[in-house]
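A.B. asks: coords please:
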Amino acid sequence: MSSYPVLHLRAETKPLEHRSALTPTTAKILQDAGYDVRVERSKQRIFGDEEYEAVGIPLVPEGSWVDAPADHIIVGLKELPDEDFPLKHTHITFLHVFKNQGGWERVLGRFPRGGGTLLDLEFLQDERGRRVAAFGYHAGFAGAALGLEVWAHQALNPGREFGGVEPYPNEKALIEHVKSAITQGAEKLGRQPRVLVIGALGRCGKGAVDLCLKAGLDEKNVLQWDMAETAKGGPFVEIVESDIFINCIYLMHKIPNFVDTQSLASPNRNLSVVVDVSCDTTNPNNPIPIYNVNTAFDKPTLPVEISGPPALSVISIDHLPSLLPREASEAFSKDLIPTFLQLKDRHTARVWTDAERLFKEKVASIQSQ
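C.D. replies: Got it, this is the predicted structure:
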């Protein structure tokens with residue numbers, strides 16, 4: 001039996017998270033299809049409240065999802081506020097608890113205590129096992145941009161910490177800024193940086209490579225690696241001898257480290273920037289075990305303790321697409337719409353039943369411990 005649920009878009013609370021799972025355009029598509037869509041007011045979201053009002057989407061107070069009827073579906077992007085009350089709703093969001101990330105049992109355990117369900121956006125997959133929607137392209141794009149900016153900053157301001165960054169209004173503005181930074185850094189060092197991207201054939205890696213080329217790097221300075229190149233197992237000297245390493249893999253299980261403290265001790269090290277777009281920071285299988293905390297837009301880099309020059313910084317921001325929040329949100333939400341249109345048949349549509357089955361399996365693994 002089909003029924004159109006109420007979809008309640010919550011306001012994001014993660015600092016500097018400006019993206020949205022539903023844009024005014026896609027919220028209107030769902031409304032026209034018969035869904036009751038409600039959007040929480042937000043001063044943080046890249047789309048103004050008035051943009052939703054202009055297409056007839058009703059606004060509700062920020063944070064009102066907590067007291068919404070239990071049968072409303074709560075839609076979001078990043079993690080929920082760090083509280084402990086039981087969760088009674090069905091939540092559609094990225095929660096990062098299905099791969100044994102730090103604290104996953106406590107966060108996931110809130111759902112069975114309240115009778116709620118998690119349908120994690122990361123695990124909505126088509127018949128071929130491919131994610132129906134992902135921010136990967138813009139994550140790689142933004143990560144590469146920051147990596148190149150940090151490299152230039154290191155060249156021009158040795159010993160000085162890289163400062164905070166703000167979202168860009170559009171891709172053109174971002175590329176112009178990065179181009180300028182590369183030009184200045186190359187003038188100082190007499191060469192362009194060499195960038196190695198692992199996972200170059202995926203969405204994320206393609207975004208990283210595209211940014212590098214659009215920003216003016218010679219193609220010979222952008223090494224594009226994927227499974228064939230990493231099959232021999234790391235650590236890889238090619239990473240250490242590059243200036244910037246951008247990790248774009250989708251980690252599913254334990255693999256040999258790409259880089260570690262021993263490989264960084266090489267006298268041939270040029271590596272000064274690691275951009276861990278994959279951001280498996282608290283995953284015990286993280287193949288970049290040289291840091292253990294995420295960074296943020298207000299403090300994008302983390303220094304790595306290492307002997308000898310050059311200084312080494314890690315960028316490990318877990319919401320990189322927020323550097324281009326409008327374009328990233330529009331692309332993601334557009335890809336998500338065909339799946340969201342099946343929510344009226346949530347209990348029979350394969351993509352949703354698979355997501356709920358995975359949730360139940362993960363909850364059972366907690367209860368069996």
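A.B. asks: around residue 61, how many other residues sit close by?
C.D. replies: 10 (other C-beta atoms under 10 Å). No exception for glycine: its C-beta is placed from N, CA and C like everyone else's.
A.B. asks: wait, it touches residue 42, no?
C.D. replies: No: in terms of C-beta atoms under 8 Å, residue 61 does not count as a neighbour of residue 42; the distance is 10.4 Å.
A.B. asks: could you list the low-pLDDT ranges of this structure?
C.D. replies: The model of the chain has pLDDT under 70 over residues 1-2, 367-369.
A.B. asks: which residue is nearest the centroid of it?
C.D. replies: residue 319 (4.3 Å; C-alpha atoms, centre = their mean).
A.B. asks: that one touches residue 79, doesn't it?
C.D. replies: No: here residue 319 lies out of contact with residue 79, judged by C-beta under 8 Å, at a distance of 9.9 Å.
A.B. asks: who touches both of the two?
C.D. replies: In the contact map built from C-beta atoms under 8 Å, 6 or more residues apart in numbering, the residues linked to both residue 319 and residue 79 are residue 14.
A.B. asks: how close does residue 46 get to residue 292?
C.D. replies: 31 Å (C-beta to C-beta, to the nearest Å).
A.B. asks: skip ahead from the longest helix anywhere in the chain and say which helix or strand is next.
C.D. replies: When the chain is parsed with DSSP state H, its longest helix is helix 136-156. Using DSSP states H and E, the next helix or strand after helix 136-156 towards the C-terminus is helix 171-189.
A.B. asks: how about residues contacting that next one?
C.D. replies: 141-142, 145, 148-149, 151-156, 168, 192-193, 211, 214-217, 323-324, 327.
A.B. asks: list the buried residues of that helix.
C.D. replies: For helix 171-189, a neighbour-count test (16 or more other C-beta atoms under 10 Å) marks 171, 174-175, 177-178, 181-182, 185-186 as buried.
A.B. asks: just put those residues in a markdown table and tack on distance to residue 7.
C.D. replies: Output for those, formatted as a markdown table (distance: C-beta to C-beta, whole Å):
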| residue | distance to residue 7 |
| --- | --- |
| 171 | 29 |
| 174 | 31 |
| 175 | 35 |
| 177 | 36 |
| 178 | 37 |
| 181 | 41 |
| 182 | 43 |
| 185 | 46 |
| 186 | 48 |
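A.B. asks: contacts for stretch 222-237, please.
C.D. replies: Stretch 222-237 is contacted from outside by 194-202, 205, 209, 212-213, 238, 242, 255-260, 262-263, 266, 268, 287, using C-beta under 8 Å, 6+ apart.
A.B. asks: name the element residue 39 belongs to?
C.D. replies: Assigned by DSSP H and E, residue 39 falls in strand 36-40.
A.B. asks: returning to what we had before: among the contacts of helix 171-189, which ones are buried?
C.D. replies: Those of the contacts of helix 171-189 that meet the buried threshold are 141-142, 145, 148-149, 151-155, 168, 192-193, 211, 214-215, 217, 323-324, 327, by 16+ other C-beta under 10 Å.
A.B. asks: re earlier: what values do phi and psi take at the residue nearest to the centre of the chain?
C.D. replies: Main-chain dihedrals, residue 319, degrees, to the nearest 10: phi -140, psi 50.
A.B. asks: the residue nearest to it when sequence neighbours are not counted in helix, strand or coil?
C.D. replies: Distances taken as C-beta to C-beta, 6 or more residues apart in numbering put residue 17 closest to residue 319, at 5.5 Å, once the chain neighbours are dropped. Secondary structure, DSSP: H, G, I helix; E, B strand; the rest coil: residue 17 is coil.
A.B. asks: surely residue 17 meets residue 44?
C.D. replies: Yes: Residue 17 lies in contact with residue 44 (C-beta under 8 Å); the separation is 6.8 Å.
A.B. asks: okay, these two: which has more neighbours?
C.D. replies: residue 17 (22 against 16).
A.B. asks: so what's that one up against?
C.D. replies: Going by C-beta under 8 Å, 6+ apart, residue 17 touches 44, 77-78, 319, 322.
A.B. asks: list the contacts for residue 87?
C.D. replies: So residue 87 contacts 80, 110-111, 113-114, 116 (C-beta under 8 Å, 6+ apart).
A.B. asks: what values do phi and psi take at residue 313?
C.D. replies: According to degrees, to the nearest 10, residue 313 has phi -120, psi 150.
A.B. asks: dig out what it forms beta bridges with.
C.D. replies: Following DSSP bridges, residue 313 is listed with bridge partners residue 273, residue 303.
A.B. asks: that one: neighbouring residues, count only.
C.D. replies: Count around residue 313 with other C-beta under 10 Å applied: 23.
A.B. asks: please apply the same query to residue 158.
C.D. replies: As a burial measure, residue 158 scores 11 neighbours (other C-beta under 10 Å).
A.B. asks: show me the helices in the stretch 251-369 of the chain, by range?
C.D. replies: Here the stretch 251-369 of the chain has its helices, by DSSP state H, counting those that start in this stretch, at 261-264, 325-340, 350-367.
A.B. asks: the ones you listed into CSV, with extra columns for distance to residue 313?
C.D. replies: Listed next are the helices of the stretch 251-369 of the chain as CSV, based on distance: least, C-beta to C-beta, whole Å:
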stretch, distance to residue 313
helix 261-264, 13
helix 325-340, 24
helix 350-367, 34
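A.B. asks: buried deepest among the ones you listed, which one?
C.D. replies: Mean neighbours per residue, mean count of other C-beta atoms under 10 Å, is largest over the helices of the stretch 251-369 of the chain for helix 325-340, with a mean of 20.
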